[in-house]
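Trainee: Build me a structure from this.
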Amino acid sequence: RSSLQGIRPNANERGCAAGITVDCAAGAGEVRGVSRPPNILWIVTTQWRAQACGYAGDPNARTPQLDALAAGSINHAQAVTPHPFGPFARAAMLTGVASPENGVGDYYDPLPAGTRTIAHLLHERGYTTAFFGKWHLGPRSRTAPLVGDVHAMTIVPPEYRGGFEFWEGFESGFVLNDPWLHGTRLPAPVQFPGYQSNVLGERAAQWTERAGPWFCVVSLEVPHPPYDAPSAGIFRRDPASLTLAPNVPAAAAAKARGELAGYHAHIEATDRAIGRLVGAVDLARTVVMFTSVHGDMHGAHGLFRKGWPHEESVRVPLLVRAPGGEAGRDTAAVSLIDLPAMTLAWAEGSPAGPARTVARISMPSVVAFPQQCDRVWRGVRSPTRKLVLNADGSPWLYFDLETDPWEMENLADSARHAAEITAWRGLI
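Mentor: Numbering: from 1, shown residues only. Predicted coordinates for the structure are as follows:
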């Protein structure tokens with residue numbers, strides 16, 4: 001229930017623009033050469049792990065549009081989600097406040113009505129604000145099927161829409177084709193023919209044809225399951241042709257290949273939709289940010305889905321292309337919880353805050369769905385180390401990411417690393 005404003009920073013936090021006290025991230029980006037506040041476009045996907053991009057070196061990924069965007073962007077190569085599950089991450093990303101402190105402590109908790117978000121702060125600075133697509137933060141049924149029209153047609157009341165002036169989307173439902181939309185100009189759900197990423201991208205592009213400054217969020221469900229859903233004419237890949245990471249055990253390989261065949265078809269289709277959306281805005285006046293709320297294990301360590309503290313689940317892509325900005329690779333410990341502060345810096349033309357060395361990660365509650373993580377945990381990650389504690393404070397995982405990027409050796413019980421673990425525990 002915390003406000004973005006008026007919170008005093010503690011010893012481990014630094015205040016950013018407008019009193020936001022999330023840790024500031026290097027590379028947040030001062031917008032140079034723009035005489036008025038820039039337009040700002042957030043493109044947010046679901047379950048697109050950081051590794052699954054051509055520019056990140058994934059041999060399976062066909063992402064020419066994102067690769068081109070990355071070539072002109074700051075690539076935050078160590079970016080993480082604060083919580084590797086949708087509602088928790090979305091609430092933190094919009095408010096700059098971690099879950100459960102932001103009011104979302106359970107999968108079905110709505111973001112409390114009236115919660116201040118980045119939309120409020122930008123509106124107060126003269127921006128017109130809009131949201132398109134998946135919300136996943138409104139009141140919804142705990143008994144309805146997760147996949148299907150019930151959640152897709154659930155009305156999100158205006159007071160639960162995060163302060164956006166224009167809102168057009170759906171609660172959830174994972175309907176990747178022919179999506180149902182409702183909102184500011186659609187009082188009842190209307191079904192639109194086509195691939196969800198294409199429909200939302202086209203409608204958002206039309207909305208951006210206006211005088212700025214504007215702030216627009218385009219929130220896509222892809223590449224979340226169902227992986228066998230049609231993907232805009234892109235055929236599923238041949239599972240045998242896909243390259244698996246070394247941390248996928250043989251027992252999980254067949255399932256991983258089968259899922260990745262559809263996963264990468266949706267990535268390829270949505271890459272094209274993103275390319276069209278980016279091509280429709282004035283890049284000389286617009287900051288473009290691309291990310292995902294969490295990743296997917298896809299068989300790494302024999303695990304699937306998200307909620308897990310492993311790299312495949314917590315690391316997310318994060319590209320920022322700013323007018324007149326620099327391109328390059330940034331390795332600071334950036335989190336999605338930093339996005340409100342970063343976005344205010346872009347809007348105000350102020351420089352980025354100093355780089356920080358760690359990002360906090362956690363799962364505030366167990367989401368009791370098949371294949372998801374089985375425990376509450378909290379941890380801290382840097383580009384070189386990761387410590388994860390169980391709910392009782394005992395070490396669960398400790399990895400040296402410099403020498404063991406695939407997290408093959410858990411050092412949590414290593415006597416040789418006990419002092420190091422104790423020091424890292426103090427950062428959580």
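
Trainee: from here on, contacts and neighbour counts on C-alpha atoms
Mentor: Fine.

Trainee: any chance you could map the helices in the stretch 151-300 of the chain?
Mentor: 196-207, 250-280 (DSSP state H, counting those that start in this stretch).

Trainee: can I assume residue 151 is in contact with residue 179?
Mentor: No: here residue 151 does not reach residue 179: they are 11.3 Å apart, not a contact under C-alpha atoms under 8 Å.

Trainee: out of those two, which sits in the more crowded spot?
Mentor: Legend: neighbour count by other C-alpha atoms under 10 Å for residue 151 and residue 179, higher for residue 179 (25 against 22).

Trainee: Now do the strands in the stretch 101-250 of the chain.
Mentor: Along the stretch 101-250 of the chain, counting by DSSP state E, counting those that start in this stretch, strands occupy 128-134, 166-170, 180-183, 190-191, 214-219.

Trainee: again with the stretch 301-428 of the chain
Mentor: Under DSSP E, counting those that start in this stretch, the stretch 301-428 of the chain gives strands at 318-321, 328-330, 359-363, 377-381, 385-390, 395-400.

Trainee: Turn those into JSON lines, including distance to residue 121, mean neighbour count and mean pLDDT.
Mentor: Output for these, formatted as JSON lines (distance: least, C-alpha to C-alpha, whole Å; neighbours: other C-alpha atoms under 10 Å; pLDDT from 0 to 100):
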{"stretch": "strand 318-321", "distance to residue 121": "20", "mean neighbour count": "25", "mean pLDDT": "98"}
{"stretch": "strand 328-330", "distance to residue 121": "26", "mean neighbour count": "17", "mean pLDDT": "96"}
{"stretch": "strand 359-363", "distance to residue 121": "24", "mean neighbour count": "25", "mean pLDDT": "98"}
{"stretch": "strand 377-381", "distance to residue 121": "28", "mean neighbour count": "24", "mean pLDDT": "98"}
{"stretch": "strand 385-390", "distance to residue 121": "33", "mean neighbour count": "22", "mean pLDDT": "98"}
{"stretch": "strand 395-400", "distance to residue 121": "38", "mean neighbour count": "20", "mean pLDDT": "98"}
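
Trainee: Export the ones you listed as JSON lines, with columns for distance to residue 190.
Mentor: Compiled in JSON lines, the strands of the stretch 301-428 of the chain are given as follows (distance: least, C-alpha to C-alpha, whole Å):
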{"stretch": "strand 318-321", "distance to residue 190": "32"}
{"stretch": "strand 328-330", "distance to residue 190": "42"}
{"stretch": "strand 359-363", "distance to residue 190": "35"}
{"stretch": "strand 377-381", "distance to residue 190": "40"}
{"stretch": "strand 385-390", "distance to residue 190": "44"}
{"stretch": "strand 395-400", "distance to residue 190": "46"}
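
Trainee: For residue 86, which of those strands is the nearest?
Mentor: Closest to residue 86 of these is strand 359-363 (C-alpha to C-alpha; 10.9 Å).

Trainee: Residues in contact with stretch 211-219: which ones?
Mentor: 36-45, 119, 122, 126-135, 200-201, 204, 208 (C-alpha atoms under 8 Å, 6 or more residues apart in numbering).

Trainee: Now the buried members of those residues.
Mentor: 37-45, 119, 122, 127-135, 200-201, 204, 208 (16 or more other C-alpha atoms under 10 Å).

Trainee: ok, residue 389 to residue 215 distance?
Mentor: For residue 389, the distance to residue 215 equals 37 Å [C-alpha to C-alpha, to the nearest Å].

Trainee: Now do the contacts for residue 80.
Mentor: Each residue near residue 80 by C-alpha under 8 Å, 6+ apart is listed here: 294, 314-316, 333-336, 359, 361.

Trainee: hmm, 7 Å instead?
Mentor: 314-316, 334-336 (C-alpha atoms under 7 Å, 6 or more residues apart in numbering).

Trainee: quick check, nearest of those residues to residue 192?
Mentor: Proximity of those to residue 192 (C-alpha to C-alpha) peaks at residue 316, which lies at 29.2 Å.

Trainee: Could you find the closest non-adjacent residue to the closest one?
Mentor: Of all residues not flanking residue 316 in the chain, residue 50 sits nearest, at 4.1 Å (C-alpha to C-alpha, 6 or more residues apart in numbering).

Trainee: So for that neighbour, what's the pLDDT?
Mentor: In this model, residue 50 is scored at 98, pLDDT.

Trainee: Are we agreed that it is in a helix?
Mentor: No: Residue 50 is assigned coil when assessed by DSSP: H, G, I helix; E, B strand; the rest coil, not a helix.

Trainee: Can you report how many residues neighbour it?
Mentor: Residues lying near residue 50 (other C-alpha under 10 Å) number 26.

Trainee: contacting residues for it?
Mentor: 315-317.

Trainee: Quick check: phi and psi at the residue sitting nearest the centre point of the chain.
Mentor: Most central in the chain under C-alpha atoms, centre = their mean is residue 293, positioned 2.2 Å from the mean C-alpha point. Backbone geometry at residue 293, expressed as degrees, to the nearest 10, gives phi -80, psi -20.

Trainee: isn't it right next to residue 43, touching?
Mentor: No: using C-alpha atoms under 7 Å, residue 293 is not in contact with residue 43; the gap is 10.6 Å.

Trainee: do you know how far residue 121 is from residue 287?
Mentor: For residue 121, the distance to residue 287 equals 17 Å [C-alpha to C-alpha].

Trainee: For residue 81, which of the strands of the stretch 301-428 of the chain is the nearest?
Mentor: Of all the strands of the stretch 301-428 of the chain, strand 359-363 sits nearest to residue 81, with 7.1 Å by C-alpha to C-alpha.

Trainee: Alright, I will stop here.
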